[in-house]
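K.L.:
Okay, here's the prediction I keep looking at, along with the sequence it came from:
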Amino acid sequence: MSKRIIVATGNEGKLKEVREILSELDYEIVSMKEAGVFEDVDETGTTFEENALLKAKAVLNKVNKDDIVIADDSGLEIDYLGGEPGIYSARYLGHDTSYDYKNSEILKKLDGVPDEKRTARFVCAIALVSFDKEVVKRATIEGIIGHEIAGENGFGYDPIFYVPEYGKTTAELNADEKNAISHRGKALRAIREEL
């Protein structure tokens with residue numbers, strides 16, 4: 001039986017990306033729900049790294065001793081907005097606020113702001129924990145906030161995050177393109193090296 005990696009997320013988009021990037025490893029990759037864990041961890045850390053570790057450790061305490069848990073905390077930092085939404089990306093403008101609304105509100109806040117001041121980055125910190133190991137990897141992707149919502153792929157803030165080198169938002173990239181350059185893709189490849 002292959003060892004299990006439990007992905008500490010309820011986000012189907014994140015789970016799909018993790019499964020794609022770690023697919024060639026000899027691990028069974030399962031969601032928290034599939035592992036029978038229904039923990040809702042308060043993200044009380046002040047950094048992406050602290051929050052990823054909080055989530056991973058909370059789930060590790062609920063699973064088998066030979067399981068590995070990975071958890072990420074990721075978000076969008078917009079320079080013009082002083083780094084907002086940052087570690088509050090998921091809870092930005094309220095816990096159950098749709099990303100369509102969040103994206104529209106960000107575009108309104110940046111209305112009239114020129115491209116050179118619309119710089120932003122996606123940040124991802126991934127924690128890998130087991131009963132004998134603890135590792136955190138951080139990665140980013142730089143871009144700008146576009147002027148409109150564009151693209152059907154991806155999730156969250158992808159439709160407004162424009163990558164100049166590709167001339168597209170991350171929601172307009174296909175899965176292979178996105179996984180090659182994304183913050184989560186880079187961090188997951190660093191974690192894959194640890195596995």
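P.N.:
Thanks, I have it. Residues are numbered from 1 along each chain as shown.

K.L.:
Pull the contacting residues for L188.
P.N.:
L188 is in contact with E17, V18, I21, L22, I126, counting by Cβ atoms under 8 Å, 6 or more residues apart in numbering. (Each C-beta comes from the backbone N, C-alpha and C, glycine too.)

K.L.:
Tell me the spacing between the residue nearest the centre of the chain and Y157.
P.N.:
Closest to where the C-alpha atoms of the chain average out (Cα atoms, centre = their mean) is S74, at 4.0 Å. Distance, S74 to Y157, by Cβ to Cβ, to the nearest Å: 10 Å.

K.L.:
which residues are common contacts for those two?
P.N.:
S89, F122.

K.L.:
any idea how far A58 is from D67?
P.N.:
Computed with Cβ to Cβ, the distance linking D67 and A58 is 13 Å.

K.L.:
Repeat that for A35.
P.N.:
Relative to A58, and taking Cβ to Cβ, A35 is found at 13 Å.

K.L.:
Repeat that for L22.
P.N.:
In this view, L22 and A58 are 21 Å apart by Cβ to Cβ.

K.L.:
With E77 instead?
P.N.:
The value you get for E77 to A58, if Cβ to Cβ is used, is 25 Å.

K.L.:
With D40 instead?
P.N.:
9 Å.

K.L.:
what's the answer for S74, then?
P.N.:
Per Cβ to Cβ, S74 is found 17 Å from A58.

K.L.:
same question, G146
P.N.:
Taken as Cβ to Cβ, the span from G146 to A58 is 35 Å.

K.L.:
who has more neighbours, these two?
P.N.:
Counting neighbours by other Cβ atoms under 10 Å for G146 and for A58 shows that G146 has the greater number, 23 against 19.

K.L.:
Quick one: residues contacting the more buried one.
P.N.:
L107, R118, I160, F161, Y162, T169.

K.L.:
Between those residues, which sits nearest H95?
P.N.:
Closest approach to H95 among the contacts of G146 (Cβ to Cβ): I160, at 20.3 Å.

K.L.:
okay, now V59: neighbour count?
P.N.:
23.

K.L.:
quick one, phi/psi of it?
P.N.:
Main-chain dihedrals, V59, degrees, to the nearest 10: phi -70, psi -40.

K.L.:
re earlier: the residue nearest to the centre of the chain bridge partners, please.
P.N.:
Counting by DSSP bridges, S74 is bridged to C124.

K.L.:
pLDDT value on it, please?
P.N.:
Predicted confidence (pLDDT) for S74: 93.
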